[in-house]
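[1] Below are the sequence and a predicted model for it; my questions follow.
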Amino acid sequence: MIKAKDLVKDFGLRRAVNGVSFEVEKGTVLGFLGPNGAGKTTTIRMVAGFLPPTEGSILVKGIDVARDPVAAQKSIGYMPETTPLYEDMTVSGFLRFLAEVRGFRGTERNNRVDYAIERCFLQPVRNQTVDTLSKGYRQRTCLAQTLLHDPDILLLDEPTEGLDPNQKQVVREMIKEMAAERVVMLSTHVLEEVEAICTRAIIISAGKVVADDTPAALKERSSKYNAVTLSAEGKEIVPTLEKLPNIGKVQSLENGKIVAFPKTGKSIAADILGAAQRHKWKVSDIKVDEGRLDDVFRQITTTEDTKKKEVA
Amino acid sequence: MNESVSHVLAVAKREWRAYFDSPVAYVFIIIFLMLAGFFTFSLAQFYEARQADLNGFFQWHPWLYMILVPAVAMRLWAEERRSGTIELLFTVSVTPLQALLGKFAAAWLFMLLALALTFTVPLTAVYLGSPDMGAIWSGYLGSGLLAGAYVAAGMFTSALTRNQVISFILAVVIGLFLILAGYPPVTDLLARWAPMWFVDGVASFSFMPHYEALQRGVIDLRDLVYFASVMIFMLFATQVVLKNKVGR
């Protein structure tokens, strides 16, 4: 439903986005990751039709966004990063205005507004003016606005930024529910969020796509993926482990635990348990690491940064 | 209903309500009426003049508008840009042209409402004597058009900046220029060094000859065209600025 090709965006002399391409199909929750200033917001703004790309093209359901933003925006619900709202309006007044802009009148308009209010749990504040809302309600009011016209595509720029853990959970559940029949593209730098709700993650760094995969596959790129942490008593544990064929590196930690890293693509938990039995070690705890997204994120984005510096 | 029209109406309705949801509308209308009354009855000595016409009333409007209209228009775009709502507005299938027409309509209607509330002044004149009703109607027409031209100029300066104070000051300066462009002190100053065609060109920008003609009861198509073209030019300039700032 979204097809972005070779997007480039320059602001004066600064190139914010440098050749980003991706395609997203229905049912996908795409997480857009990257360090601050990597070009996430700029890319989303271009997809939303707010900024025209300097080069490249975006098709939303076959419509060229730069050429006909008005038509493309009909199937897009967009929540900007800053959650802008008209401060002097009430929550329901604000939603009524946007429903009218989206072309709904009378009962239809009121039904749409009621639906969005219910969906985003805004009943307690529906008659409050926006400038009296807490951060969480502001966020949800801005999210509610994206649902009024039942769009096929939701673009959410940092939808859970600044929320407390309970509110984050609520918003994530809502996004998951909405995703089934739609495309959701969200930007975030909270990695747990990607694991929790995204079916696909794109990492961008310095305006370029540096990784595009499922969160699980990305985690496998972690150096800690399938590493085993062991608490055991016995003789010569470290030297024995180092001799095992699939193990790449063994470290002793200060708290007495031992961490064994596998060679790439190998699984070593069974080997270690076998060795423990043979040598009669007393194993009190063993844990297999699933790999952590933030390690991968750091690996990928920092190498990109250093590469860039070297070139410069 | 046509989609573009409905976008314009939705934006206009929101702006209209924004005036009345805050104290702005009430403060503005009260001050406007008080000043209009003060100028008419105290400065222009409406009663003492013993003339049943409204020249003393209408002649102050350009100055009143110069200060007050920028206050009504300054938030139109500056506020949207400062609070970021412009990003919302331009990603929900509304075009810059539709949005600016809606905002212009709301602000102008608001000014017309304030102007309409001065109806007690002509009523007083009618009660005390028998004024030329034609001149009163055409005076109101001129004042309404003048307000529209000021609103358009104020909206233009509002689009230029996210700072409402700067918007206000720029709008006052433009208003001052449009009032004074034809006055002898200004034209004389220019005439010292500029060629005559240039002086005449600058002088012809002035509101005043067009406004004064309407005040006298002369409805000339050329004066109406003048006000319409000032408004259209300012709206067009606003659109150019918005397209530049927003990037489309």
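    Now that the structure is in, tell me what you want to look at.

[2] C-alpha only now, for contacts and for neighbours.
    OK.

[3] buried set for the helix or strand bottoming out on mean pLDDT in chain B?
    In chain B, the helix or strand scored least confidently by mean pLDDT, DSSP states H and E is helix B:46-49, which has a mean of 71. By 16 or more other CA atoms under 10 Å in any protein chain shown, the buried positions in helix B:46-49 come out as residue B:46.

[4] List of residues touching stretch A:84-100?
    Under the criterion CA atoms under 8 Å, 6 or more residues apart in numbering or on different chains, residues A:105, A:109-110, A:112-113, A:117, A:125-131, A:138, A:141-142, A:144-145, A:148-149, B:6-7, B:10-11, B:14, B:18, B:21-22, B:83-85, B:87-88, B:92 lie in contact with stretch A:84-100.

[5] Only alpha carbons, please: show the least confident helix or strand of chain B as CSV.
    Output in CSV follows, covering the C-alpha atoms of helix B:46-49 (Å, rounded to 0.1, in the frame of the first residue of the first chain):
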residue,chain,number,x,y,z
PHE,B,46,-20.8,64.8,16.0
TYR,B,47,-23.4,66.8,18.0
GLU,B,48,-21.6,70.1,17.8
ALA,B,49,-21.2,69.9,14.1
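
[6] C-terminal to that helix, what's the next element?
    helix B:55-58 (DSSP states H and E).

[7] Identify the residues contacting that following helix?
    B:36-37, B:39-40, B:44-46, B:121, B:139, B:143, B:215.

[8] List only those of those flagged as buried.
    B:36-37, B:39-40, B:44, B:46, B:121, B:139, B:143, B:215.

[9] Report the contact partners of residue B:92.
    Here residue B:92 is in contact with A:70, A:73-74, A:77, A:98, A:101-102 (CA under 8 Å, 6+ apart).

[10] and the contacts of helix B:55-58, which two are the farthest apart?
    Using CA to CA, those span at most 20.1 Å, a distance reached by B:45 and B:143.

[11] Check chain A and tell me which residue is nearest its centre.
    The residue lying closest to the centre of chain A (CA atoms, centre = their mean) is residue A:31, at 3.0 Å.

[12] Leaving out the residues flanking it, which one is nearest to the residue of the stretch 1-150 of chain A found nearest chain B?
    Residue nearest to chain B within the stretch 1-150 of chain A: residue A:70 (4.2 Å; CA to the nearest CA). Leaving aside its sequence neighbours, residue A:70 sits nearest to residue B:93 (CA to CA, 6 or more residues apart in numbering or on different chains; 4.2 Å).

[13] Just read off the phi/psi values of the one you found.
    When quoted as degrees, to the nearest 10, the phi and psi of residue B:93 stand at phi 70, psi 20.

[14] one step back: mind putting the buried ones among the contacts of helix B:55-58 in a markdown table, secondary structure and distance to residue A:175 included?
    Compiled in a markdown table, those are given as follows (DSSP: H, G, I helix; E, B strand; the rest coil; distance: CA to CA, whole Å):
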| residue | secondary structure | distance to residue A:175 |
| --- | --- | --- |
| B:36 | helix | 56 |
| B:37 | helix | 58 |
| B:39 | helix | 60 |
| B:40 | helix | 62 |
| B:44 | coil | 66 |
| B:46 | helix | 67 |
| B:121 | helix | 60 |
| B:139 | helix | 59 |
| B:143 | helix | 54 |
| B:215 | helix | 62 |
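
[15] Make sure the residue of the stretch 1-150 of chain A closest to chain B is indeed in a helix.
    Yes. According to DSSP: H, G, I helix; E, B strand; the rest coil, residue A:70 belongs to a helix.

[16] Correct me if wrong: it contacts residue B:89.
    No. Contact status for residue A:70 versus residue B:89: not in contact, 11.4 Å apart, counting by CA atoms under 8 Å.

[17] Just the pLDDT at residue 68, thanks.
    All of this is about chain A. At residue A:68, the pLDDT value in this model is 92.

[18] I was thinking of chain B, sorry if that wasn't clear
    Confidence score, pLDDT, at residue B:68: 93.

[19] Downstream of the helix or strand where it lies, the next helix or strand is which one?
    Residue B:68 belongs to helix B:61-73 when elements are defined using DSSP H and E. Using DSSP H and E, the next helix or strand after helix B:61-73 towards the C-terminus is helix B:75-83.

[20] Does anything pack onto that next one? Which helices or strands?
    helix B:133-160, helix B:164-180 (3 or more CA pairs under 8 Å, 6 or more residues apart in numbering or on different chains; DSSP states H and E).
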